Structure formats: structure tokens, C-alpha cells
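1. Could you look at this predicted model? Sequence included:
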Amino acid sequence: MEFDFDDCYWHDSILESIFLDRKDLGNNDIIEIIVDWYDIPRSKIIFKGVCLFKATMNSGIHVKEAIDIGYIGPADDPDLLSFYKKWKGAFDSVKLNCYIIKTSSTGSEIKILAEGVEI
């Protein structure tokens, strides 16, 4: 089911796990994230057509990974522009969104460039 990434109440929700699925290598790389939402039951978020996964995560701290904010980055996001430039036109026909999740408990940041996301 499609859903509005920007419309979710991310603040104080808990990031429980991240799973990278590359069974359909290069055709449909998938990232699955389990979130225990602040205001609704936990769910799995599935990013489809993933072209870039970038995570700067701080581990070894014994706290739940509370999310500060989640949003779709702007069209001029440096990682999005760099990706298109690096591949020199190979992905010009693919509309990618830049999904960003920042955590408050460990100061981590996850960035996913993907064609779409569903729940």
C-alpha cells in the first residue's frame, strides 16, 4: 500500500530494524525498515527500487533508536544530485526520491534514494 512518507508522525517513534534485500540484484533492490510508531502500531516500511543506501549510525549505546524526524529531501539534495551526476545519464529516466530519517537518541542519519515507498 502506498503511503505519504512526509505525512507520518516520525517524532519519538522507534526504529527497530533495517533489512537490505538484494535477491533481485540491480532490478529491484529493497530496504525494509520496522518502525514502532508513536501513535499507531508498528509496521514495515518498504523502499522499492533502491539506488543508494547511506547510513551513518552510532551503535554500542544502550537506548532505543528514537526517531527525531523523517522527510523527503529536496530535489537539490547533494546526494541525489551526486548520484545522477555519477551515473552520467544512466538513471535520467528514473524518478528517485530522497528519503531521510534522523534519530534523536544516537544522532544517526539514514538516507535512501528509491523509486517509491510503501507500508
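-> That came in fine, so what should we check first? Residues are numbered from 1 along each chain as shown.

2. And the contacts of the worst-scoring helix or strand of the chain on mean pLDDT?
-> Within the chain, no helix or strand scores below helix 78-86, which has a mean of 88 by mean pLDDT, DSSP states H and E. Contact with helix 78-86 is made by 51, 52, 54, 73, 91, 92, 96, 98, 111, 113, as judged by Cβ atoms under 8 Å, 6 or more residues apart in numbering. Heads up, the C-betas are built off the backbone N, CA and C, glycines and all.

3. From the residues you listed, list the buried ones, please.
-> 51, 52, 73, 96, 98, 111, 113 (16 or more other Cβ atoms under 10 Å).

4. And the strands in this protein, which stretches?
-> Per DSSP state E, the chain carries strands over the ranges 14-21, 30-36, 43-48, 52-56, 65-72, 97-103, 109-114, 116-118.

5. re earlier: off-centre distance for the least confident helix or strand of the chain?
-> Taking Cα atoms, centre = their mean, to the nearest Å, the mean C-alpha location of helix 78-86 is offset from the chain mean by 16 Å.

6. mind listing what's buried in it?
-> Buried, per 16+ other Cβ under 10 Å, within helix 78-86: 80, 83, 84.

7. Relative to residue 28, which of these is nearest.
-> Nearest to residue 28 among the buried residues of helix 78-86: residue 83, at 17.3 Å, using Cβ to Cβ.
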